[in-house]
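1. Just a sequence and a predicted model for now, questions to come.
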Amino acid sequence: MKLLVISHKLVWRNSNSSSGFATDGGFPFQMNSISQLFEKTIIAVPALANKSPKGEILMEGKNLSIYPLSSIKGSGILRKLRYIPWMFVHVLLLNKLINEADAVHVPIPSDIGTLGMILAKFKNKRLFVRYCGNWNYQSTKAEKLWKGFMERFAGGNNVMLATGLQGNVPSVKNRNIHWIFSSSLTKEEIDKLTQKKPLLDPKAPKLIIVCRMVESKGVKNLIDSIKILKERFPKIHLYLVGDGEDLEKFKDYVIGLDINENITFEGKLNHEDVITALQNAHIFCFPSKSEGFPKAVLEALACGLPVVANPISAIPELLNSGAGILLENDQPETIAFQVLNILHNPNQYLVMQNEGLNIASKFSLENWRDTIKLYLEQAWGTI
């Protein structure tokens with residue numbers, strides 16, 4: 001079976017890749033895994049001639065190729081305005097690619113993916129939609145449109161999965177929608193990580209967060225908690241991994257609090273360096289306000305780090321068995337208090353470590369792929 005993937009994910013030329021392209025984030029790992037299920041996988045995505053940022057990962061997989069589309073420059077309202085002419089230029093091309101494919105996969109949120117999703121449904125193609133945002137909270141018209149589309153059409157040849165991990169069904173309106181977790185680690189990688197657990201240093205604890213540097217991730221409150229914790233632990237240190245539109249603002253804020261020596265902004269790191277940074281830390285803090293299934297939390301658990309996080313999306317399911325602490329609220333005082341609880345209980349720290357490793361072992365890329373395969377074959381037969 002030939003699969004066509006349509007996404008807004010930006011790729012760029014790289015001669016070291018078997019597909020000729022590279023990108024960043026978890027997308028290449030997941031596309032590699034999905035390609036193992038099909039005879040051939042074509043990924044239609046916007047492409048640049050060259051770009052080599054930190055975090056670059058080769059786009060590779062089983063018989064995987066890239067169909068480069070022109071990119072849509074800008075963000076916000078500017079991107080929306082430029083999307084309209086882009087759509088008219090590319091609609092016939094995407095229609096041709098869909099006609100030639102046996103099945104279409106669309107990860108959303110994605111403006112480019114939306115066009116592919118609608119065309120595939122109109123053509124009555126086998127359709128696999130994966131909602132990667134916060135399924136339980138839609139604030140924009142686009143998010144409501146995507147959720148409404150899935151609830152309207154899930155079933156039959158239309159496989160609809162929502163990223164998350166809750167006990168209840170994703171939708172009472174349409175029980176053909178199913179939960180799917182997210183992952184960026186293979187079973188082999190997880191097994192290797194479990195062999196090297198960090199040793200807690202109560203006198204100089206190292207905290208870490210891996211996320212986009214934006215307000216909604218709770219970064220500011222986490223920084224404020226370091227100001228509080230510094231009174232008890234002068235050598236405490238927080239590592240912030242990631243970039244984003246609020247990065248410079250957070251750097252200025254740290255200077256204003258006079259805790260420069262306790263904070264390190266690592267910026268964007270590649271996958272291997274993220275894992276190394278996690279292995280060198282003691283506690284993962286994640287006071288984010290909105291998530292789907294945060295892969296960074298799973299990576300932290302796999303590295304043996306207890307997690308302090310807000311009880312949102314899949315996080316309660318990951319931590320309820322004892323792998324971390326759920327915050328009652330995301331205020332700096334609450335974050336600091338729960339970090340103190342962990343630092344004052346070294347035996348409990350070990351219990352959290354072991355439970356986190358057990359949890360992480362259930363969420364490998366192989367398990368992610370096989371779960372998707374199960375849903376696809378229930379709907380389409382053998383693929």
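-> Yep, it's here. Fair warning: this is a prediction, and the values are worked out from it, not measured in the lab.

2. buried sites along the longest helix along the chain?
-> Longest helix in the chain, counting residues (DSSP state H): helix 76-100. Residues of helix 76-100 classed as buried: 83, 86, 90, 94-95, 97-98 (neighbour count, 16 or more other Cβ atoms under 10 Å). Yep, even glycine has a C-beta here, placed from its N, CA and C like the rest.

3. And for stretch 66-76?
-> Applying a neighbour-count criterion of 16+ other Cβ under 10 Å, one finds 66, 68-69, 71-72 buried in stretch 66-76.

4. which one among the buried residues of helix 76-100 gets closest to residue 253?
-> Residue 253 has its nearest neighbour among the buried residues of helix 76-100 in residue 83, at 34.0 Å by Cβ to Cβ.

5. got a list of what that closest one touches?
-> Applying Cβ atoms under 8 Å, 6 or more residues apart in numbering to residue 83 gives the contacts 72, 111.

6. same deal with residue 187?
-> The neighbourhood of residue 187, defined by Cβ under 8 Å, 6+ apart, consists of 361, 364-367.

7. so where do the helices sit in the stretch 201-350 of the chain?
-> Defined through DSSP state H, counting those that start in this stretch, the helices belonging to the stretch 201-350 of the chain, from first to last, are 219-229, 247-257, 271-279, 295-302, 315-319, 332-343, 346-360.

8. Quick check: closest non-adjacent residue to residue 303.
-> With Cβ to Cβ, 6 or more residues apart in numbering as the criterion, residue 303 has its nearest non-adjacent residue at 4.1 Å, and that residue is residue 278.

9. Looking at the host helix or strand of residue 146 now, give me its mean pLDDT.
-> The secondary structure element spanning residue 146 is helix 141-153 (assigned by DSSP states H and E). With pLDDT averaged residue by residue, helix 141-153 scores 95.

10. got it, and stretch 277-295?
-> Averaged across stretch 277-295, the pLDDT comes to 94.

11. repeat for stretch 58-76
-> Stretch 58-76 comes out with an average pLDDT of 94.

12. Flag the shaky bits of the chain, pLDDT-wise.
-> Within the chain, the ranges that satisfy pLDDT under 70 run 52-53.

13. Show me what counts as buried in the helix holding residue 146.
-> Taking 16+ other Cβ under 10 Å as the neighbour-count basis, helix 141-153 is seen to contain the buried residues 142-143, 146-147, 149-151, 153.

14. what about the residue nearest to residue 213 when sequence neighbours are not counted, distance to residue 288?
-> Using Cβ to Cβ, 6+ apart and skipping residues adjacent in sequence, the residue nearest residue 213 is residue 244, 3.5 Å away. Here residue 244 is placed at a distance of 12 Å from residue 288 (Cβ to Cβ, to the nearest Å).

15. Please apply the same query to residue 177.
-> The gap separating residue 177 from residue 288 is 24 Å, by Cβ to Cβ.

16. circling back to that earlier point, tell me which of residue 244 and residue 288 has more neighbours.
-> Neighbour tally, residue 244 and residue 288, criterion other Cβ atoms under 10 Å: the higher count belongs to residue 288, 25 against 17.

17. Just to check, that one is in contact with residue 218?
-> Yes. Judged on Cβ atoms under 8 Å, residue 288 makes contact with residue 218 at a distance of 5.4 Å.

18. between the two, what contacts are shared?
-> Jointly contacting residue 288 and residue 218 under the rule Cβ under 8 Å, 6+ apart are residue 310.

19. domain ranges for this structure?
-> Per the record's domain assignment (automatic domain parsing), the chain is made up of the domains 2-183+364-380, 187-360.

20. quick revisit: run the angle between the longest helix of the chain and helix 141-153 for me.
-> Per axes from the mean of the first three to the mean of the last three Cα atoms, to 10 degrees, the angle that helix 76-100 makes with helix 141-153 is 30 degrees.

21. C-alpha coordinates for the helix or strand following helix 76-100, CSV please?
-> Scanning forward in sequence from helix 76-100, with DSSP H and E defining helices and strands, the next element found is strand 103-108. What follows is the C-alpha trace of strand 103-108 in CSV, where atoms were taken according to Å, rounded to 0.1, in the frame of the first residue of the first chain:
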residue,chain,number,x,y,z
ALA,A,103,-4.1,6.1,1.7
VAL,A,104,-3.6,9.6,3.0
HIS,A,105,-2.2,10.6,6.4
VAL,A,106,-2.7,14.1,7.8
PRO,A,107,-1.1,15.2,11.1
ILE,A,108,-3.0,18.3,12.3
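
22. what lines up beside strand 103-108 in the sheet?
-> Each strand that strand 103-108 pairs with, and the sense of that pairing, follows from DSSP bridges: strand 2-6 (parallel), strand 126-131 (parallel).

23. Distance of residue 10 relative to residue 112?
-> 10 Å.

24. Have a look at those two and say which one is more surrounded.
-> Neighbour tally, residue 10 and residue 112, criterion other Cβ under 10 Å: the higher count belongs to residue 112, 24 against 16.

25. Run through the residues that contact the residue nearest to residue 303.
-> With contacts defined as Cβ under 8 Å, 6+ apart, the neighbours of residue 278 are 208, 210, 284, 299-300, 303, 305.

26. try residue 69
-> 44-47, 90, 93, 112.

27. rerun at 6 Å
-> Residue 69 is in contact with 44, 46, counting by Cβ atoms under 6 Å, 6 or more residues apart in numbering.

28. Please apply the same query to residue 375.
-> For residue 375, the residues meeting the contact criterion (Cβ under 6 Å, 6+ apart) are residue 159.

29. Assign a three-state SS to it, would you?
-> helix (DSSP: H, G, I helix; E, B strand; the rest coil).

30. could the strands paired with strand 103-108 be laid out in a markdown table, adding mean neighbour count and distance to residue 251?
-> What follows is those, written out as a markdown table (neighbours: other Cβ atoms under 10 Å; distance: least, Cβ to Cβ, whole Å):
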| stretch | mean neighbour count | distance to residue 251 |
| --- | --- | --- |
| strand 2-6 | 24 | 37 |
| strand 126-131 | 23 | 34 |
